[in-house]
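> please find the sequence and the predicted model below.
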Amino acid sequence: MDAPFEPIALTVSVEGHLPAIVRVSGELDLATVSLVTAALAEVDDGDVEMHCAGLSLIDATGLRAFQNVKEASAARGCKLVIVDPSPALSRLVQLVGLESVFLFREAEQAS
């Protein structure tokens, strides 16, 4: 008998202001990207720090959401910093050759 279906889980929280701290954990893909997009709609000024240590899975849709945040931040004269990228995120960024596109930091270096 097949194991019961378990829904994909993603947790997104937005804290603080200037910079906005966005914590993302779980699985970020086509099924869950709208949660990140909705949370980031709350951030309309200042830098954005995306804390991603708990991100267990990310697909191209999730990575595109990160690119959208970066572009929107740059349009406001601000920046996106990815803090503590998970192995899944680091691997995907490297596979698609976007290492120089994003700014990465370890948590102790973040604001």
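Nice, I can see it. Numbers count the residues shown, from 1 in each chain.
> ranges for the strands of this structure?
10-15, 20-28, 48-58, 80-83, 103-105 (DSSP state E).
> reformat these as CSV; add distance to L40.
Quick note: C-beta positions are derived from backbone N, CA and C, even for glycine. Output for the strands of the chain, formatted as CSV (distance: least, CB to CB, whole Å):
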stretch, distance to L40
strand 10-15, 8
strand 20-28, 7
strand 48-58, 7
strand 80-83, 10
strand 103-105, 17
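> comparing these, which comes out most buried?
Of all these, strand 80-83 has the most neighbours on average by mean count of other CB atoms under 10 Å, namely a mean of 22.
> what's the least confident stretch among the strands of the chain?
Among the strands of the chain, strand 10-15 has the lowest mean pLDDT, at a mean of 79.
> give me the sheet partners of that one and which way each runs.
strand 20-28 (antiparallel) (DSSP bridges).
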